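Visitor: the sequence and its predicted three-dimensional model are supplied below.
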Amino acid sequence: MRLAEVELRRIRLPLLAPFRTSFGAEFDRDILLIGVVTEDGVRGWGECVAGHSPLYSSEHVAGAHQVIQDVLLPRLWPLPDVRAHRAEAALAPVQGHRMAKAAIEMALLDAELRTVGVPLAEHLGAVREAVPAGVSVGIADSLPELLDSVAGFLDAGYRRIKLKIEPGWDVTAVRAVRERFGDIGLQVDANAAYSLADANHLAELDQFGLSLIEQPLAEDDLRGHAALARRLRTPICLDESITSARAAADAVALGACQIVNIKSGRVGGLLEARRVHDVCAANGLPVWCGGMLETGIGRAANVALAALPNFRLPGDTSASDRYWRRDVVTEPFVLRDGSVRVPEGPGLGVEVDEAWLAELTTSVDRVRPPEQG
Ligand code: NPG
């Protein structure tokens, strides 16, 4: 497979409601989409999950845009075969920039699998046709507001609730939700907002029977997570710390977590995400699929990944209407009996609504390979 053109398209998509975490609030998304066209005229799409500012991780969308255009694509043009596994090897010498690499890989996989008529889920080794969906609930302005939004998501049929927490919005919020809704599937996500000195405070969460606490400490603090794991009954799940299959193996060896959140963007792509899945499966750790407020493009990839066998907990793979008034794909993802269906068509299995995309677009760069010879 050879590329004829790559498009870097930025869109602005307002969220239906602001989403607040310990590292900031999102109102609308500045999203970078990668569109590839092969020499045979097959199109593929990828979505970059880097945020507007480098607050969740060191990457941000403008940096990803630049590094794709100036550093990553020039490494792909000379390849006689640019299928995803070849591209991954060609980009490996570039340090970091995992979200940028993952966006290209997604577009290449979409194109290559459309060429051969294979759905992404099947290519990755999926074993389910639908995946149970959870929902991530941001930090609210008040407890009544939090309870209202949790009630709405439970009514819609979501299988578990994840509450974003930070110092000052943790034990009280969790207690209020437990008291009001009883024995629902409940977990919390701190996005690295605590330190080991908060261990006694975090142990107060043990009384609520949470299925996990996600990333309580800093990204690079595996030893701290291992120490905390010895002090909490609530299982620790790592997100930001797991940047590769090797990082997952390290975390397991240190006893830093009992569960892993997998996001393909965070680990550099879907192929590496599958390796993280395999490392965790081999060590008996369940995984679940995280989310980064993706459009239907990235969501299709998440849902395909979440259909692999060791994804044993509901993911942040909510339906399109949890985020957007109108998604960028023609068939939005919907919630049925608490699950989202895995796309069955070739590649990502979703069709982009090109007219709507044009309306949302803030910039497009079209890049072609340099003339050969
Ligand atoms: O449903 O996609 C979703 C959001 C899930 O909470 C969620 N994502 O820390 O995992 C996270 C958080 C996030 C969102 C992180 C946006 C970075 C950007």
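Guide: Done, it's in. Numbers count the residues shown, from 1 in each chain.
Visitor: buried residues, the lengthiest helix in the chain. List them.
Guide: Looking across the chain with DSSP state H, the single longest helix is helix 98-116. For helix 98-116, the neighbour count (16 or more other C-beta atoms under 10 Å) marks 98-115 as buried. Backbone N, C-alpha and C define where each C-beta goes, glycine included.
Visitor: so which elements touch it?
Guide: Contacts defined by 3 or more C-beta pairs under 8 Å, 6 or more residues apart in numbering; DSSP states H and E place helix 98-116 against strand 24-38, strand 43-48, helix 61-67, helix 84-91, helix 120-124, helix 264-267, helix 270-282, helix 296-305.
Visitor: how far away from the center of its chain is it?
Guide: With C-alpha atoms, centre = their mean, to the nearest Å as the basis, helix 98-116 stands 15 Å off its chain's centre.
Visitor: repeat for stretch 90-106
Guide: 15 Å.
Visitor: is it in proximity to the ligand?
Guide: No. Taking C-beta under 6 Å from any ligand atom as the criterion, stretch 90-106 and the ligand are apart, separated by no less than 10.1 Å.
Visitor: stretch 320-331 spans what distance, first to last residue?
Guide: This stretch, stretch 320-331, spans 9 Å end to end (C-alpha to C-alpha, to the nearest Å).
Visitor: can you list the buried residues in it?
Guide: Buried residues in stretch 320-331 (16+ other C-beta under 10 Å): 320, 322-324, 327-329, 331.
Visitor: ditto for stretch 70-83
Guide: 72-73, 76-77, 79, 82-83.
Visitor: stretch 276-294 now?
Guide: If you call a residue buried by 16+ other C-beta under 10 Å, then stretch 276-294 has these buried ones: 276-281, 285-294.
Visitor: what about residue 175, neighbour count?
Guide: Per other C-beta atoms under 10 Å, the neighbour tally for residue 175 reads 15.
Visitor: name the nearest residue to it, sequence neighbours excluded.
Guide: residue 208 (6.9 Å; C-beta to C-beta, 6 or more residues apart in numbering).
Visitor: returning to what we had before: between helix 84-91 and the longest helix of the chain, find me the angle.
Guide: 150 degrees (axes from the mean of the first three to the mean of the last three C-alpha atoms, to 10 degrees).
Visitor: angle of helix 98-116 against strand 43-48?
Guide: 160 degrees.
Visitor: a markdown table please, covering the helices and strands packed on helix 98-116 and showing mean pLDDT.
Guide: Shown next, in a markdown table, are the helices and strands packed on helix 98-116 (pLDDT from 0 to 100):
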| stretch | mean pLDDT |
| --- | --- |
| strand 24-38 | 96 |
| strand 43-48 | 98 |
| helix 61-67 | 98 |
| helix 84-91 | 98 |
| helix 120-124 | 98 |
| helix 264-267 | 98 |
| helix 270-282 | 98 |
| helix 296-305 | 98 |
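Visitor: nearest to residue 218, of the ones you listed?
Guide: Residue 218 sits nearest to helix 264-267 of all those, at 15.1 Å, using C-beta to C-beta.
Visitor: which residues does that closest one contact?
Guide: With contact meaning C-beta atoms under 8 Å, 6 or more residues apart in numbering, helix 264-267 is reached by 48-50, 57, 98-99, 102-103, 106, 239-240, 242-245, 270, 272-273, 276, 290, 292, 298, 301-302, 305.
Visitor: mind redoing it with 7 Å?
Guide: 49, 57, 98-99, 102, 242-244, 270, 273, 276, 292, 301, 305 (C-beta atoms under 7 Å, 6 or more residues apart in numbering).
Visitor: the chain against the ligand: which residues are in contact?
Guide: Checking the chain against the ligand by C-beta under 6 Å from any ligand atom, the hits are 21, 51, 56, 136, 189, 191, 239, 290-293, 316, 318.
Visitor: let's see that with 5 Å instead.
Guide: Neighbours of the ligand within the chain, by C-beta under 5 Å from any ligand atom: 56, 136, 290-293, 316.
Visitor: closest one of those to residue 224?
Guide: For those, the closest approach to residue 224 (C-beta to C-beta) belongs to residue 56, at 18.9 Å.
Visitor: I'd assumed residue 22 was in contact with that closest one.
Guide: No. With contacts counted by C-beta atoms under 7 Å, residue 56 stays clear of residue 22, the gap being 10.0 Å.
Visitor: what residue in the stretch 1-150 of the chain comes nearest to the ligand?
Guide: Residue nearest to the ligand within the stretch 1-150 of the chain: residue 136 (3.3 Å; C-beta to the nearest ligand atom).
Visitor: any idea what that residue is bridged to?
Guide: Note on residue 136: beta-bridge partners residue 162, judged by DSSP bridges.
Visitor: counting neighbours, what do you get for it?
Guide: Counted with other C-beta under 10 Å, residues neighbouring residue 136 total 23.
Visitor: now do the contacts for it.
Guide: The contact partners of residue 136, taken as C-beta under 7 Å, 6+ apart, are 162, 164, 189, 291, 316.
Visitor: return the backbone torsion pair for the spatially closest residue to residue 115 that is not a sequence neighbour.
Guide: Of all residues not flanking residue 115 in the chain, residue 42 sits nearest, at 5.1 Å (C-beta to C-beta, 6+ apart). Residue 42 adopts backbone torsions of phi -90, psi 140, taken as degrees, to the nearest 10.
Visitor: residue 138 and residue 21 touch, don't they?
Guide: Yes. Here residue 138 reaches residue 21: they are 6.3 Å apart, a contact under C-beta under 7 Å.
Visitor: list the residues that contact both of these two?
Guide: Taking C-beta under 7 Å, 6+ apart as the criterion, residue 138 and residue 21 both touch residue 164.
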